[in-house]
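> Need a 3D model of the sequence below.
(chains A and B)
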Amino acid sequence: AQKVTQAQTEISVVEKEDVTLDCVYETRDTTYYLFWYKQPPSGELVFLIRRNSFDEQNEISGRYSWNFQKSTSSFNFTITASQVVDSAVYFCALSENRGSARQLTFGSGTQLTVLP
Amino acid sequence: DAGVTQSPTHLIKTRGQQVTLRCSPKSGHDTVSWYQQALGQGPQFIFQYYEEEERQRGNFPDRFSGHQFPNYSSELNVNALLLGDSALYLCASSPPAVKTQYFGPGTRLLVL
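As a prediction, this is how the structure comes out:
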């Protein structure tokens, strides 16, 4: 069975601070996909990134960066110079690669509040 | 290009009633998944439809059923509603052979 753990329930930072959201996953598959989604108060989940288990390169997109480490089963997300608009709930998710199945298993989310 | 759309946006029902939620996937997407998100929790997978068939199902009772139409749109039906069914119901679609799922705005269901 697969599992995603986001141990940080809530994080509060002041604008322009850097913040890292932690994600630890469990899976027995050797091939899998990891995702991060952002959920603003409106409720819609916004896709941020997908990472294949074979690709451990870190990725940077503007103020966002992701650190994937298979050795520790972690896929952490860092926001640099945070802004008030970054306030949202962030979810890490895992999808195993079993045939055509594409079920996403989500963590419980981290509520990020960026204060002005 | 319209994203995933869902209707209605909000719904109030009473225990024992039945409800139907609707989802239209993004253009070019052929797979639709449904998730239930209780307050303060992460989304839980209900089921996934592809080529009008249920391809995978999560740990939900048979009261939850679905359908996919030839135009790839989908419905989620819940019978004999319970108070615990109150949640945000999210629909997600994905294009052929792509693992990423794109979500709609959800339907907020309140069961009284």
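> Which residues of chain B lie near chain A?
B:31, B:33, B:35, B:41-45, B:48, B:50, B:55-56, B:58, B:88, B:90, B:92, B:94, B:99-106, B:108 (C-beta under 8 Å from any C-beta of the partner chain). All C-beta atoms are positioned from the backbone trio N, CA, C, and that covers glycine.
> Which members of the residues you listed occur in strands, if any?
Using DSSP state E, the subset of the residues of chain B next to chain A located in strands is B:31, B:33, B:35, B:44-45, B:48, B:50, B:55-56, B:88, B:90, B:92, B:94, B:102-103, B:108.
> quick one: buried residues of stretch B:14-26?
Of all the residues in stretch B:14-26, those buried under the rule 16 or more other C-beta atoms under 10 Å in any protein chain shown are B:19, B:21, B:23, B:24, B:25, B:26.
> downstream neighbour of the worst-scoring helix or strand of chain A on mean pLDDT in the secondary structure list?
Ranked by mean pLDDT, DSSP states H and E, the weakest helix or strand in chain A is strand A:59-61, scoring a mean of 86. Later in the chain than strand A:59-61, the nearest helix or strand by DSSP states H and E is strand A:64-69.
> for residue A:107, what are its contacts?
Shown in contact with residue A:107 (C-beta atoms under 8 Å, 6 or more residues apart in numbering or on different chains): A:4, A:5, A:6, A:23, A:91, A:92, A:93, B:42.
> Count the residues that sit near residue B:92.
Number of residues near residue B:92 (other C-beta atoms under 10 Å in any protein chain shown) recorded here: 27.
> Pretty sure it sits against residue B:99.
No: at 11.4 Å, residue B:92 does not count as touching residue B:99 under the criterion of C-beta atoms under 8 Å.
> The residue nearest the centre of chain B bridge partners, please.
Geometric centre of chain B, nearest residue: residue B:34, 3.3 Å, by C-alpha atoms, centre = their mean. Counting by DSSP bridges, residue B:34 is bridged to residue B:47, residue B:91.
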